[in-house]
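# need coordinates for the following:
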Amino acid sequence: MEKNIFEKIIDREIPADIIYEDKISIAFKDINPQAPIHILIIPKKRIEMPEHIDENDKDIVGHLFVIAKKIAIDLGLKDGYRLVMNNGEIAGQSVFHIHLHLLSGRRLSWPPG
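Residues are numbered from 1 along each chain as shown. Predicted structure coming up:
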């Protein structure tokens with residue numbers, strides 16, 4: 001299976017503005033930000049879509065949310081932030097490797113999209 005852009009970032013084949021990394025995940029600034037603060041938090045294990053998450057992945061997925069909270073605290077996002085994970089092209093998923101979007105820095109409208 002060919003590497004996706006996230007796997008190339010993990011393997012340092014392409015550059016990214018990495019703000020956090022551990023053995024399970026990596027987080028970096030989105031190159032096409034939708035808010036003043038737009039961070040992508042991804043697992044190093046490739047899981048293509050949220051619908052492919054299974055029982056064996058629950059610790060990894062939970063870890064992404066814990067890291068999102070840590071990043072939000074580190075960035076001082078006391079006024080709030082949004083976490084989004086898209087499932088499928090119609091929902092806006094463009095890279096088929098699950099990832100959380102952490103968005104902040106402006107008032108975010110509802111409903112999104």
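
# tell me where the longest strand sits in the chain.
In the chain, with assignment by DSSP state E, the single longest strand is strand 37-43.

# biggest helix in the chain, by residue count?
In the chain, assigned by DSSP state H, the helix with the most residues is helix 58-74.

# which other helices and strands does that one contact?
strand 18-21, strand 25-29, strand 37-43, strand 100-104 (3 or more C-beta pairs under 8 Å, 6 or more residues apart in numbering; DSSP states H and E). In short, each C-beta sits where N, CA and C put it, glycine included.

# listing partners with orientation, what would you give for the third one?
Sheet partners assigned to strand 37-43 using DSSP bridges are listed as strand 25-29 (antiparallel), strand 100-104 (antiparallel).

# please identify the deepest-packed of the ones you listed.
Sort those by mean neighbour count, taking mean count of other C-beta atoms under 10 Å, and strand 100-104 sits at the top with a mean of 22.

# which residues does that strand contact?
Identification of contacts with strand 100-104 by C-beta atoms under 8 Å, 6 or more residues apart in numbering yields 27, 30, 34-42, 64-65, 68, 71-72, 75, 77, 79-86.

# quick one: contacts for residue 65?
83, 100.

# so which of the helices and strands packed on helix 58-74 gets nearest residue 110?
strand 100-104 (12.3 Å; C-beta to C-beta).

# quick one, the closest one and helix 58-74 angle?
Note on geometry: by axes from the mean of the first three to the mean of the last three C-alpha atoms, to 10 degrees, strand 100-104 and helix 58-74 are set 20 degrees apart in direction.
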